[in-house]
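1. with the sequence up front, the predicted model follows.
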Amino acid sequence: MPGIAVSAIFSFIFSWNELMFALVLTRSNAKTAPAMAVSFMEGYSLPYGKIMATSTLIVVPVLIFALLASRQLVRGLTMGAVK
């Protein structure tokens, strides 16, 4: 069970952070949150407020998921340790 939990956590985090796939594969009608954060940047203008607000919304689900699964994460990572 801990090994499956660690695999689920890592696959969730890696799939959540796939910016390049989202930029290449999505159109203007469907964008992921990281692709939307990148789309705020226009030329030499950087709206830091919008980018930071979007970044906060991107990070919050990952933090909540990791906090809920932290016990399984630590148990799964230490299962392979040599005693």
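-> Noted; the coordinates are in hand.

2. only C-alpha atoms from now on, for both contacts and neighbour counts.
-> Fine.

3. tell me which residue is most central in this structure.
-> residue 16 (3.6 Å; C-alpha atoms, centre = their mean).

4. what separation do you get for that residue and residue 22?
-> 10 Å (C-alpha to C-alpha, to the nearest Å).

5. what bits of this protein have low per-residue confidence?
-> Where the chain drops to pLDDT under 70, the residues are 27, 76, 80-83.

6. please enumerate the helices of it.
-> 2-16, 19-25, 33-39, 48-68, 70-78 (DSSP state H).

7. so which bits of the first one are buried?
-> With burial defined by 16 or more other C-alpha atoms under 10 Å, the residues of helix 2-16 counted as buried are 2, 3, 5, 6, 9, 13, 16.

8. same thing with the second one?
-> Under the neighbour-count criterion of 16+ other C-alpha under 10 Å, helix 19-25 has 22, 23 buried.

9. turn the buried residues of helix 2-16 into CSV, including distance to residue 53.
-> Below are the buried residues of helix 2-16 laid out as CSV (distance: C-alpha to C-alpha, whole Å):
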residue, distance to residue 53
2, 33
3, 34
5, 30
6, 29
9, 24
13, 19
16, 17
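
10. show me which of these is closest to residue 65.
-> residue 9 (7.8 Å; C-alpha to C-alpha).

11. how close does the closest one get to residue 62?
-> Applying C-alpha to C-alpha to residue 9 and residue 62 gives a distance of 9 Å.

12. ditto for residue 69
-> For residue 69, the distance to residue 62 - C-alpha to C-alpha - is 11 Å.

13. likewise residue 24?
-> Taking C-alpha to C-alpha, one finds residue 24 at 23 Å from residue 62.

14. alright, calling it a day.
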